[in-house]
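Student: Sharing a model prediction with you, sequence too.
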Amino acid sequence: MANVNGGPTTAPGAGASTTVLVVEDEPAIAQAIVHRLSAEGWSVESAGDGLAGVAAASRLRPDVVVLDVMLPGIDGLEVCRRIQAERPVPVLMLTARDDETDMLIGLGVGADDYMTKPFSMRELVARTKALLRRTERAARAVEMVAAEQPDPPLVFGDVTVDRAQRRVTRGDTEVHLTPTEFDLLLALAAFPRTVLTRERLLAEVWDWVDASGTRTVDSHIKALRRKLGADLIRTVHGVGYAFEPIEGTATGDAATQGA
């Protein structure tokens, strides 16, 4: 059984290679999340307030954090800031308010994804797995660089998407993106000037196919526009989005690169 009072737990017969930290102050919700994620074979620990969550993240060095926004002590946004300042880690934020402003603030402080309560445990697992897969992709990119076999950067006028380093620059300025934002940009840049539906982006970036998740795509697009500029991503109302570089043609194998 999962221990929601601070002890790590691993599902029977599973390895402890993946560690998840759950920061949630409502015991019933925390217990349900820990129980469900433990069933995936992950080592899961929970913390009941913001300061305890920061301390647990420092001690555990988790692979992913599931973080509630409304917490006693310090709120989830401050928890996210402190965790990311010490060590970058994928964060899935949980919010009780379906307010896009709050969601954008969460993405702005380093969260990679968010879900609005109430949510399905099935979707929570899917979103967590997607975050872990992005971490694995980033690690593989680093390995390819070390082996001197990196993917060439994609260059669109003044925008460069370095797939090997997972870095983006516009002009002479580096644009700091979360892993989710980078994968979303890469999915769009792989097919410049082509409209990709929200459902397709949700499937490619989040590995989740459900119309209820399309608002997640919209919020991440808004976050990308705030960081890169509103001119690069065109909205096709009722359909989806297209990456529209202002000048130049992409170099690199964009046509075959998936997100």
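Tutor: Alright, I've got the coordinates.
Student: The spatially most central residue of the chain: what's it in contact with?
Tutor: Compute the mean C-alpha point of the chain, and by C-alpha atoms, centre = their mean the closest residue is Asp112, 2.8 Å away. Residues counted as contacts of Asp112 (C-beta atoms under 8 Å, 6 or more residues apart in numbering) are 90-92, 131, 134, 178-180. Placement of C-beta: from N, CA and C, glycine included.
Student: Quick check: closest non-adjacent residue to Arg87.
Tutor: Take Arg87 and drop its neighbours on the chain: the residue closest to it by C-beta to C-beta, 6 or more residues apart in numbering is Arg61, 6.7 Å away.
Student: let me fix that: Thr194
Tutor: Distance criterion C-beta to C-beta, 6+ apart; nearest residue to Thr194, sequence neighbours excluded, is Ala242 at 6.0 Å.
Student: Tell me what that neighbour is bridged to.
Tutor: Here Ala242 shows beta-bridge partners Arg234, assigned using DSSP bridges.
Student: any chance you could map the helices in the protein?
Tutor: Here the chain has its helices, by DSSP state H, at 27-38, 50-60, 76-86, 100-108, 121-146, 179-189, 198-206, 214-228.
Student: Val239 against Arg200, yeah?
Tutor: No: contact criterion C-beta atoms under 8 Å: Val239 and Arg200 do not qualify, at 10.2 Å.
Student: From the neighbour counts alone, determine which of the two ranks first.
Tutor: Between Val239 and Arg200, counted using other C-beta atoms under 10 Å, Arg200 has the larger neighbour count: 17 against 12.
Student: OK, contacts around that one?
Tutor: Gly240.
Student: how far away is it from Tyr114?
Tutor: When C-beta to C-beta, to the nearest Å is the yardstick, Arg200 and Tyr114 sit 20 Å from each other.
Student: swap in Thr173?
Tutor: For Thr173, the distance to Tyr114 (C-beta to C-beta) stands at 27 Å.
Student: okay, the two: which has more neighbours?
Tutor: More crowded of Thr173 and Tyr114, by other C-beta under 10 Å: Tyr114, with 22 against 9.
Student: correct me, but Met70 touches Ala96?
Tutor: Yes: Met70 lies in contact with Ala96 (C-beta under 8 Å); the separation is 6.2 Å.
Student: more neighbours, those two?
Tutor: Using other C-beta under 10 Å as the criterion, Met70 and Ala96 rank with Met70 on top: 16 against 13.
Student: Next, the contact list for the more buried one, please.
Tutor: Contacts for Met70 were tallied using C-beta under 8 Å, 6+ apart; they are 25, 76, 95-96.
Student: Show the buried residues in the residues you listed.
Tutor: Buried members of these, scored by 16 or more other C-beta atoms under 10 Å, are 25, 76, 95.
Student: Look up phi and psi at the residue nearest to the centre of the chain.
Tutor: phi -100, psi -30 (degrees, to the nearest 10).
Student: Can you give me the pLDDT of the closest residue to Glu86 other than its chain neighbours?
Tutor: Excluding its sequence neighbours, the residue lying closest to Glu86 (C-beta to C-beta, 6+ apart) is Ser58, at 6.1 Å. You'll see Ser58 listed with a pLDDT of 96.
Student: ok, now how distant is Ser58 from Thr135?
Tutor: When Ser58 is compared with Thr135 (using C-beta to C-beta), they lie 18 Å apart.
Student: now swap in Gln84 and tell me
Tutor: 14 Å.
Student: can you check Gly108 too?
Tutor: Gly108 sits at a distance of 21 Å from Thr135 (criterion: C-beta to C-beta).
Student: low-scoring pLDDT stretches of the stretch 1-150 of the chain, where are they?
Tutor: Confidence mapping of the stretch 1-150 of the chain against pLDDT under 70 gives the ranges 1-16, 98-106, 138-150.
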